[in-house]
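[1] Only the shape, not the letters, is given here:
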């Protein structure tokens with residue numbers, strides 16, 4: 001009991017801290033990520049109980065294929081991750097990081113000026129961190145980036161275990177082998193590279209936009225529930241589909257030109273960027289942008305089937 005109390009007090013001190021150093025920032029990051037992971041596990045257990053009994057009804061639920069049930073149960077986790085991480089990181093974003101130039105280049109290892117978070121979570125974040133500036137000996141991210149990235153990594157850990165261990169067969173059937181492999185790689189890369197970037201204070205713009213893009217997960221989760229309920233072809237389903245397409249374009253496709261411009265203007269060889277990070281950065285920074293374009297064409301294809309009645313024609317055939 002005493003050990004549990006000491007662990008909780010230690011965890012609380014990390015969560016409420018507003019100054020990070022080289023020694024504490026990763027402990028803070030992984031403490032938040034672990035809390036996020038536990039939250040998603042509990043939410044998944046709650047969804048597995050609530051959906052069959054109260055949302056669908058046991059009769060309708062039993063008629064759903066197993067892989068579809070798995071997707072529906074997972075949907076609230078997508079919604080939570082998208083809303084939390086996608087909104088929290090908003091205060092950290094700069095549309096044109098190239099405005100911060102050194103010798104005509106955007107320094108990818110330079111800390112952005114700290115600003116107070118805005119919007120729904122702004123007051124909470126400022127109270128949580130007491131308005132403090134991320135400081136210490138390390139070059140660090142803004143507090144909103146650290147919080148949102150840690151929260152998103154907790155979700156990715158939960159989802160990675162779901163994909164590879166606890167519900168592998170259903171997830172493989174739901175997404176198909178090619179998409180399944182892409183999703184695995186998509187999870188592994190940020191889980192490996194985001195803590196590294198956080199620790200060294202590098203590539204914040206690209207990491208922050210990567211977290212921001214998770215906002216489309218919220219719209220995707222709602223779409224998944226509609227598919228499970230069989231209402232995607234209705235007027236309400238089309239509205240949900242339009243919302244998903246719009247949010248995806250807003251957080252993934254619209255910033256794409258800025259991303260390409262920032263990659264071209266970035267000072268990849270800035271003094272405060274460790275040289276060993278460069279091979280990883282050259283690979284991991286462009287890949288998410290390319291995946292977003294790939295998924296965009298898949299989404300538009302699926303959307304066209306809905307609005308053109310392709311799904312109904314297939315069922316009638």
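    Here it is on my side, so go on. Remember, predicted model here, so these are calculated numbers, not experimental data.
[2] which one is residue 285 nearest to, not counting chain neighbours?
    Distances taken as C-beta to C-beta, 6 or more residues apart in numbering place residue 206 nearest to residue 285, at 5.1 Å, with adjacent residues excluded. No exception for glycine: its C-beta is placed from N, CA and C like everyone else's.
[3] I'd guessed that neighbour sits against residue 260; true?
    No - Residue 206 is beyond contact range of residue 260, at 11.5 Å (criterion: C-beta atoms under 8 Å).
[4] quick one, which of those two is more surrounded?
    The residue with more neighbours, out of residue 206 and residue 260 and counting by other C-beta atoms under 10 Å, is residue 206; that gives 22 against 12.
[5] Tell me which other helices or strands the strand or helix carrying residue 38 touches.
    Assessed by DSSP states H and E, residue 38 sits inside helix 25-50. Here helix 25-50 touches helix 2-16, helix 66-88, helix 143-161, helix 177-200, going by 3 or more C-beta pairs under 8 Å, 6 or more residues apart in numbering; DSSP states H and E.
[6] in it, what's buried?
    Burial within helix 25-50, assessed by neighbour count using 16 or more other C-beta atoms under 10 Å, is assigned to 25, 28-33, 36-37, 39-41, 43-44, 47.
[7] Tell me, how many residues neighbour residue 146?
    As a measure of burial, residue 146 has 23 neighbours, counting by other C-beta under 10 Å.
[8] tell me the pLDDT at it?
    You'll see residue 146 listed with a pLDDT of 88.
[9] wait, isn't it in contact with residue 198?
    Yes - at 6.1 Å, residue 146 counts as touching residue 198 under the criterion of C-beta under 8 Å.
[10] model confidence over the host helix or strand of residue 283, on average?
    Per DSSP H and E, residue 283 falls inside helix 278-284. Mean pLDDT, computed over helix 278-284, is 88.
[11] what element comes up after it heading to the C-terminus?
    Sequence-wise, the next helix or strand downstream of helix 278-284 (DSSP H and E) is helix 286-307.
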